[in-house]
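Participant: sequence and predicted structure below; questions after.
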Amino acid sequence: MKTKAAVMYEVGAPLVIEELELEGPKENEVLVKYVASGICHSDYSFRNGVLPASVPSVLGHEGAGIVEEVGPGVTHLKPGDHIIASLTPACGTCLFCMEGKPFLCKDMTDVIWKGSLLDGTKRFTNSKGEKVGQLVCVGTFSERSVIPAGMAVKVDPKAPLETICLIGCGVTTGVGAALNTVDIKKGDSCAVIGCGGVGLSIIQGARIAGAGIIIAIDPVEEKRQLALDMGATHAIDPTGIKVVKEVRAIAKGGVHFAFEALGLESTILQAWSMPRATGTAVIVGVPSMDTVLELPVLGFFSEKHLKGSAYGSSIPSRDVPKFVDYYMKGELKLDEMITKRIKLEDINTAFDEMGRGEGARSVIMYD
Ligand SMILES: [Zn+2]
Ligand SMILES: [Zn+2]
C-alpha cells in the first residue's frame, strides 16, 4: 500500500515529504494507521546528527493510531483497536524484561540505531526502489507504519488519540522519571531544568507524587507559565542569574531531586549541584552520545546520587494505560502542552521552531 511520510535522507537537511510503498505486517507485527504524532526533541536531535540514525529513515516516535491489520501470531490486538506506540517491544523473555525492566528490553537495544524492524528488515520502499527504515521501530512521521506488536499498547477507545499520542514518548519519559525512576515522598522538593514536553511531564509527575516544592527552570516565559499551570510552585528564568544558588535558597539547602530534561552538559552539571546531601540528580535529557562529563567529586561524600532514566523506567503495558487514565480523570494535563497542531508537510517549520526553543509540543495530525 502507499503511505505519505517524512523521510530523513541526510543529516541536517530538511525531511523529504514523499509517498512510500509499505509492506503489510509479518509475524508479530501490526499495521497501524496513525491519527497523530507528537514531535519530540529527540526527532530534532536525530535530524541534526546529535543522535545517530540510519538513513534514509522515517523519523517520528510519539504516535497513536488505530490497528488496521495484524500479522500471524498476534493475539492481543485486532483491527480497530486504539493504540499508543511505545518505545520498547517488552519481549518478556530477555534478561531485562525478566527482571521487570522492559524499558531496557534487549530486542530494542539490538536494533535501535539500525532503523529496521526487530527481524532486521525494513518495510518502507521509496519510488527509486530503495529500502527506507523507521526510527525506533515505530516511524510515526508516516500515515501508516508496520510496528512490532509488542510495542502497540492498547488504550481506552474513548481517549482522544490526537492528544494521548504524547504518552508515546515525552509524557511517559517525564512522568515515569518522577514516578518510577525515583521515589518522591510527599512534601519533597524537586527542581526541573527545561520545560518542554518532557520537563512539563516531570513537573506533573512530581505533583502527582505529592512534592511540596517544584521549581521549574526555563528561559522562555511561555514555558515557565505552562510549568506553573501544571503544578510547579516556583518558576525561574536562568538567564544571567546563579540558578543553582537560587534553587538551593528556595529549597533551603538544596532539593531532594533535580531533574535535567535538556540533555546538555552544562545543565547536567547544574543538576548535580542542586540536590541537598543525600539528594539525587536524575538525567532524563539525552545528550550527544560522545558527551563526557567532568563532575566535582565533592557531592559523593555527602551521599548524593546521580541517576540515569530511560523511557521513564516504564513498564508500558502497565504505565501507558495508567497515564491515559490520569489524563481522562484530569490529573494529567496534556491538551495544555500542545502548542500547535500541524500537517505532516509542516514538519520542517516545526523543527525550525524547536531549534529556537519555541512552544512545548507540536502535534502532526493525519487525515
Ligand atoms: Zn522522544
Ligand atoms: Zn525484552
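Facilitator: Perfect, thanks for sending it. Ligands and ions are numbered 1, 2, ... in the order given.

Participant: any idea of the pLDDT on the residue in the stretch 151-300 of the chain that ligand 2 sits nearest to?
Facilitator: Residue of the stretch 151-300 of the chain nearest ligand 2, by Cβ to the ion: Met151 (11.3 Å). For the C-beta atoms, the positions are set from N, CA and C on the backbone; glycine is no exception. Predicted confidence (pLDDT) for Met151: 96.

Participant: now do the contacts for it.
Facilitator: Shown in contact with Met151 (Cβ atoms under 8 Å, 6 or more residues apart in numbering): Ala85, Ser86, Leu87, Thr88, Pro89, Ala90, Cys137, Val138, Pro316.

Participant: report the buried members of those.
Facilitator: Neighbour-count burial (16 or more other Cβ atoms under 10 Å) applied to the contacts of Met151 gives Ala85, Ser86, Leu87, Thr88, Pro89, Ala90, Cys137, Val138, Pro316.

Participant: tell me the spacing between the first one and Thr75.
Facilitator: Ala85 sits 19 Å away from Thr75, going by Cβ to Cβ, to the nearest Å.

Participant: need the per-residue pLDDT for the residue nearest to Pro72 when sequence neighbours are not counted.
Facilitator: Of all residues not flanking Pro72 in the chain, Glu27 sits nearest, at 4.9 Å (Cβ to Cβ, 6 or more residues apart in numbering). The score at Glu27 is 96. That number is its pLDDT.

Participant: ok, Asp290 next?
Facilitator: pLDDT at Asp290 comes out at 89.

Participant: report the secondary structure state of it.
Facilitator: coil (DSSP: H, G, I helix; E, B strand; the rest coil).

Participant: three-state assignment of the residue nearest to Pro72?
Facilitator: coil.

Participant: who are the contact partners of it?
Facilitator: For Glu27, the contact set (Cβ under 8 Å, 6+ apart) comprises Gly71, Pro72, Gly73.

Participant: mind listing the strands for the stretch 201-350 of the chain?
Facilitator: Ranges of strands in the stretch 201-350 of the chain, per DSSP state E, counting those that start in this stretch, are 213-217, 234-236, 255-260, 275-283, 305-308, 338-342.

Participant: ok, now how distant is the closest residue to ligand 1 within the stretch 51-200 of the chain from Asp119?
Facilitator: Closest to ligand 1 within the stretch 51-200 of the chain is Cys169: 3.3 Å, counting by Cβ to the ion. Distance, Cys169 to Asp119, using Cβ to Cβ: 23 Å.

Participant: quick one: which of these two has more around it?
Facilitator: Cys169 (32 against 12; other Cβ atoms under 10 Å).

Participant: next, give phi and psi for that one.
Facilitator: phi -130, psi -70 (degrees, to the nearest 10).

Participant: quick one, what contacts the residue nearest to it when sequence neighbours are not counted?
Facilitator: Spatial nearest neighbour of Cys169, chain neighbours left out: Glu62 (4.1 Å); criterion: Cβ to Cβ, 6+ apart. When contacts are counted by Cβ under 8 Å, 6+ apart, Glu62 touches Ser37, Gly38, Ile39, Cys40, Ala85, Thr140, Cys165, Leu166, Gly168, Cys169, Gly170.

Participant: also Asn348?
Facilitator: So Asn348 contacts Pro14, Leu15 (Cβ under 8 Å, 6+ apart).

Participant: same check, this time on His82
Facilitator: Ala64, Gly65, Ile66, Lys154, Val155, Asp156, Pro157, Ala159, Leu161.

Participant: what ranges do the helices span in this protein?
Facilitator: For the chain, the helices defined by DSSP state H occupy 41-47, 95-98, 106-111, 161-164, 170-176, 197-209, 221-229, 243-250, 265-273, 316-328, 347-355.

Participant: lowest mean pLDDT across the ones you listed, which one is that?
Facilitator: helix 106-111 (a mean of 86).

Participant: buried ones in that helix?
Facilitator: Buried-residue list, helix 106-111, by 16+ other Cβ under 10 Å: Asp107, Met108, Val111.

Participant: out of these, the closest to Val243 would be?
Facilitator: Met108 (34.9 Å; Cβ to Cβ).

Participant: nearest spatial neighbour of that closest one, chain-adjacent residues omitted?
Facilitator: Per Cβ to Cβ, 6+ apart, closest to Met108 is Thr88, 5.1 Å.

Participant: backbone dihedrals for the residue of the stretch 201-350 of the chain found nearest ligand 1, please?
Facilitator: In the stretch 201-350 of the chain, the residue that lies nearest ligand 1 is Val286 (8.3 Å; Cβ to the ion). Val286 has phi and psi values of phi -110, psi 110 when expressed as degrees, to the nearest 10.

Participant: and for the one 4 residues further on?
Facilitator: Note on Asp290: backbone dihedrals following degrees, to the nearest 10 are phi -100, psi 10.

Participant: make 14 the first number, not 1, from now on.
Facilitator: All set: I'll call the first residue 14, so the last point we hit is now Asp303.

Participant: how near is it to Glu23?
Facilitator: Distance from Asp303 to Glu23, by Cβ to Cβ: 20 Å.

Participant: the two - which one has more neighbours?
Facilitator: Just comparing Asp303 and Glu23: by other Cβ under 10 Å the higher neighbour count belongs to Glu23, 12 against 6.
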